[in-house]
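Asks: quick one: sequence and predicted model below, then my questions.
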Amino acid sequence: MMRRAWKEEGACLLALLCFAVALLLPVGQDVIGNRVAWLAEPGLLLGLGIAALAAAGQAALALRGLAVGLILLAVCVAGAWVPLAAISRQFAVLGAEAPVGLQGLGVWVFVLGLGFLVWRTLGLLSEAAGKGDSKGFAALLVPGLFGAWLIYLWQVGVTGFGVPTVLLPSPERIAAIFMASTDTLIADFYQTFIKSVLTGFLMGCGSGFLVAILVDRVPFLQRGLLPLGNFVSALPIVGVAPIMVMWFGFDWQSKAAVVVIMTFFPMLVNTITGLHATQAMERDLMRSYGASYLQTLVRVRLPNALPFIFNALKINSTLALIGAIVAEFFGTPIVGMGFRISTEIGRMNVEMVWATIAVAAVAGSLFYGLLALAERAATFWHPSYR
């Protein structure tokens, strides 16, 4: 029983220990170098106290459920401002000459304790995601909160340790340049994603699917085409992209051609594998009914191949975006995400580079998510979902 309690509530106990240790350590120093304690900063002390009470209460009572997870989440959000406020105060007191990092060791121990509390909060929300009416809400909340926690650590670490912007800008600076350059980023997104990625994705996946049907119907093509496919798939993008630019020009057509090459063979191989996944008993049953090849293909073999087809679509959703961005490094009009990255990194405008990367990451994630939802709607009958 005690082992189970430690396993479940150990994160809160560790958080409480970190908060207690943090109280004994300074949160900064003043102009003449004296250490500043938590008691000298009532606002910071209040945040530490609330977080410590929440950790102690959870560890003592071992409460469960979505409501408890949301309460702990509110405490974590309320306590998240403490390190940022302490770091801002330190720079306000000492200015640009402020030593960073160890002068506020209590703040970093507090961040560690807050991490343990966030860990337990996400654990409670994950438990709620597997049951009850709140299943869908909690399932979306957990990954979002985990991503927000990573961004928060990024912000605290970069500002607290004074990392130069040229090495790693803070999320705050990236967000500021994002808001100031919205029109440019939208134009780059349209050029790269809408024109190059979607066009090449549809052409590559569509042609790969049709050729897979032909290969399935004509067996000798499988022996001759698949080894060639493995060879083409091994070609590096940096070698193919300049050739496509020479063939199709500097506009989006050459980038779409690179995407077609990258997405064609994953779709071909996965579709053939899916078509062969139909069991011999099912094919014999359709033959006993007098079904033609087309009827067997449409009614039995393609439905069985859908998980493999969607697997190829999800793989290609990331390959297509990577291929289009890399292809833009080798020649493009003065627009596009790849062009923006290569140009701005030469100007040492790192914030703009990260803003473009953020747009690409969000677009790729949403694209993948839409395909996953479509897969769920089309293959709900599959054993993996039952």
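Replies: Yep, that arrived.
Asks: assumed residue 345 was part of a helix.
Replies: Yes - Residue 345 forms part of a helix when assessed by DSSP: H, G, I helix; E, B strand; the rest coil.
Asks: what about it, neighbour count?
Replies: By other C-beta atoms under 10 Å, 13 other residues sit near residue 345. Backbone N, C-alpha and C define where each C-beta goes, glycine included.
Asks: nearest spatial neighbour of it, chain-adjacent residues omitted?
Replies: Distances taken as C-beta to C-beta, 6 or more residues apart in numbering put residue 353 closest to residue 345, at 5.3 Å, once the chain neighbours are dropped.
Asks: surely that neighbour and residue 341 touch.
Replies: Yes - counting by C-beta atoms under 8 Å, residue 341 is a contact partner of residue 353 at 5.4 Å.
Asks: what do these two both touch?
Replies: Shared contacts of residue 353 and residue 341, defined by C-beta atoms under 8 Å, 6 or more residues apart in numbering, are absent.
Asks: so which helix or strand takes in the residue nearest to residue 345?
Replies: Following DSSP states H and E, one finds residue 353 within helix 350-378.
Asks: in that helix, which residues are buried?
Replies: 350-356, 359-360, 363-364, 367-368, 371, 375 (16 or more other C-beta atoms under 10 Å).
Asks: for the stretch 51-200 of the chain, give me the ranges with low pLDDT.
Replies: Along the stretch 51-200 of the chain, segments meeting pLDDT under 70 span 61, 63, 92-103, 129-139.
Asks: try it again at 80.
Replies: Where the stretch 51-200 of the chain drops to pLDDT under 80, the residues are 58-69, 88-104, 126-140, 162.
Asks: circling back: just the closest of the buried residues of helix 350-378 to residue 163, please.
Replies: Nearest to residue 163 among the buried residues of helix 350-378: residue 350, at 11.2 Å, using C-beta to C-beta.
Asks: so that closest one sits against residue 166, correct?
Replies: Yes - with contact defined as C-beta under 8 Å, residue 350 counts as touching residue 166 (5.6 Å).
Asks: what about the spatially closest residue to residue 342 that is not a sequence neighbour, how many neighbours?
Replies: Excluding the flanking residues, the one nearest residue 342 by C-beta to C-beta, 6+ apart is residue 329, at 5.2 Å. Look at residue 329: counted by other C-beta under 10 Å, it has 16 neighbours.
Asks: residue contacts, residue 329?
Replies: Residue 329 makes contact with 241, 338-339, 341-342, according to C-beta under 8 Å, 6+ apart.
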